[in-house]
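In: here is my input, please return the structure:
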Amino acid sequence: MSEPAGYGPPPDPRNGPGPDLGHDPGHEFGHELPWPGGPIGPRHDSGERRTSERRGPVPLPVAAESGSSGERSRRRGEERRGGDHGTGRNTARNTRNTRNTARDTGRGERRRGRGSPGRPAAPRTPLQTLVAGVTELVVVLAMALTLSLIIKTFLVQAFYIPSPSMENSLLVGDRVVVSKLTPGPLDLHHGDVVVFKDPGTWLPAVEDPGDGGLRRALRTTLTFVGLLPQDSGEHLIKRVIGLPGDTVVCCDAQKRLTVNGVALDETYLYPNDEPSLQTFTVTVPKDSLWVMGDHRSVSKDSRLNPQAPFVPVSNVVGKAFVVVWPLGHAGGVAGPGETFARVPEKD
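Out: Predicted structure coming up:
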């Protein structure tokens with residue numbers, strides 16, 4: 001079978017140039033193949049592709065032919081993408097700002113919601129101001145009275161000194177504060193100055209001061225809550241000389257008191273006073289005290305009340321420990337010093 005025209009082995013270069021094929025009728029049987037540079041001619045006998053002489057030079061690939069235009073397109077694409085990213089950042093920033101503004105607005109609305117919404121509070125009328133002031137004053141006074149009553153009942157109480165029986169340790173008109181922790185959590189000791197209720201007939205009948213009903217009621221109320229000192233209507237103040245079980249004797253050869261056989265050098269006595277002008281020998285009963293004033297010559301104490309010479313411990317209100325008024329005499333109540341240092345304690 002013969003090969004179609006235009007096909008066959010390639011010419012031998014040693015034989016010179018081959019025949020001029022011209023318009024090869026076999027071209028009609030060839031087919032064009034796609035190629036980046038454009039269409040190509042028919043296949044030759046050698047199997048190689050040949051550009052058709054009639055079509056001219058092969059055009060360059062589009063990418064190479066329009067390189068500058070492609071670069072510009074690529075840049076425009078990058079700019080568009082960059083712009084999109086910038087727009088995204090701007091959008092996110094705007095979103096955050098919008099959220100912050102909404103949050104601040106919500107806070108402001110909540111603050112306004114706590115008071116009168118959208119408008120200032122109306123000013124108080126004079127009557128409302130007066131009522132509010134009176135209410136506040138009543139509350140403060142009630143709290144003060146309650147606190148004073150609690151303190152007076154459990155801790156301390158003030159008393160007024162009406163007589164000279166404790167001079168010069170305490171003067172007439174002094175206001176003293178008494179600790180109610182003694183006796184109780186704290187024990188009584190020799191030489192303590194104590195306030196106690198009258199155990200019998202130590203005090204004369206109290207005369208009515210003649211105050212009006214309102215004034216008397218006010219004084220009684222303030223005294224009850226502790227804002228005024230207790231007067232001497234039923235209370236006395238003396239120094240403890242003998243504790244339960246002690247033996248108290250007056251006097252030894254040097255005119256001194258003795259407690260449990262130990263002589264006392266009483267430095268707190270009123271100047272030039274004798275320890276006692278009355279002689280006695282007593283043993284203090286259980287749960288009782290023997291008491292005497294520092295100004296012995298004017299003091300009506302255990303020596304001068306033979307019907308009830310001893311003070312029950314249960315009658316003791318407390319131990320006086322400080323003078324608060326007047327300021328010129330303010331300070332601690334004079335203690336016994338070393339007077340009872342050598343006195344043995346009784347069980």
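
In: how about stretch 265-283: buried residues?
Out: E266, Y268, L269, Y270, D273, P275, S276, V282 (16 or more other C-beta atoms under 10 Å). Yep, even glycine has a C-beta here, placed from its N, CA and C like the rest.

In: and the pLDDT at the second one?
Out: Per-residue pLDDT puts Y268 at 96.

In: my read is that it contacts E338, right?
Out: No - using C-beta atoms under 8 Å, Y268 is not in contact with E338; the gap is 11.4 Å.

In: on that earlier part again, now, the buried residues of stretch 265-283 that are in helices?
Out: Mapping those onto helices (DSSP state H) picks out no residues; all lie outside.

In: which parts of the stretch 151-300 of the chain are helices?
Out: 213-225 (DSSP state H, counting those that start in this stretch).

In: all strands of it, in order?
Out: If DSSP state E, counting those that start in this stretch is used as the criterion, the strands of the stretch 151-300 of the chain fall at 156-160, 175-179, 193-197, 235-242, 247-250, 257-259, 262-263, 280-283, 288-292.

In: got the angle for the longest one vs strand 156-160?
Out: Taking axes from the mean of the first three to the mean of the last three C-alpha atoms, to 10 degrees, strand 235-242 and strand 156-160 form an angle of 110 degrees between their directions.

In: partners of strand 235-242 in the sheet?
Out: strand 193-197 (antiparallel), strand 288-292 (antiparallel) (DSSP bridges).

In: which one of the ones you listed lies nearest to I151?
Out: strand 193-197 (16.0 Å; C-beta to C-beta).

In: pull out the buried positions in the closest one.
Out: V193, V194, V195, F196.

In: so where's the stretch 101-250 of the chain uncertain?
Out: Within the stretch 101-250 of the chain, the segments meeting pLDDT under 70 span 101-121, 205-212, 222, 224-233.

In: if we use 80, what do you get?
Out: Where the stretch 101-250 of the chain drops to pLDDT under 80, the residues are 101-122, 148-149, 152-153, 204-233.

In: which SS state does L147 fall under?
Out: Here L147 is recorded as helix under DSSP: H, G, I helix; E, B strand; the rest coil.

In: what's the neighbour count on it?
Out: By other C-beta atoms under 10 Å, the residues close to L147 number 12.

In: what do you get for T146?
Out: Neighbours around T146, by other C-beta under 10 Å: 11.

In: got it, and the one 5 residues further on?
Out: Counted with other C-beta under 10 Å, the burial measure for I151 works out to 14 neighbours.

In: with the one 3 residues further on instead?
Out: Using other C-beta under 10 Å, the number of residues around F154 comes to 11.

In: again, but for the one 3 residues further on
Out: Counted with other C-beta under 10 Å, the burial measure for Q157 works out to 21 neighbours.

In: identify the bridge partners of it.
Out: V178.

In: that one and K180 touch, don't they?
Out: Yes - Q157 is in contact with K180 according to C-beta under 8 Å; the separation is 6.5 Å.

In: residues that sit against both of the two, list them.
Out: Common neighbours of Q157 and K180, using C-beta atoms under 8 Å, 6 or more residues apart in numbering, are V317, G318.

In: picking that back up, may I see the strands paired with strand 235-242 arranged in TSV, with distance to N305 as well?
Out: Supplementary listing: the strands paired with strand 235-242 in TSV, determined by distance: least, C-beta to C-beta, whole Å:
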stretch	distance to N305
strand 193-197	13
strand 288-292	10
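
In: looking at those strands, which is nearest to L149?
Out: Across the strands paired with strand 235-242, closest to L149 is strand 193-197 (C-beta to C-beta), at 18.4 Å.

In: for the closest one, C-alpha coordinates in CSV please.
Out: Only the C-alpha atoms of strand 193-197 are listed here, as CSV (Å, rounded to 0.1, in the frame of the first residue of the first chain):
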residue,chain,number,x,y,z
VAL,A,193,-13.3,52.0,146.7
VAL,A,194,-16.8,50.6,146.1
VAL,A,195,-20.3,51.9,145.5
PHE,A,196,-23.1,49.8,147.2
LYS,A,197,-26.8,50.0,148.0
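
In: between it and strand 175-179, how big is the angle?
Out: 90 degrees.

In: neighbouring contacts of strand 193-197?
Out: So strand 193-197 is contacted by 159, 166, 169-170, 176, 178, 182, 188, 234-240, 289, 291, 311, 315-320, 333-334 (C-beta under 8 Å, 6+ apart).
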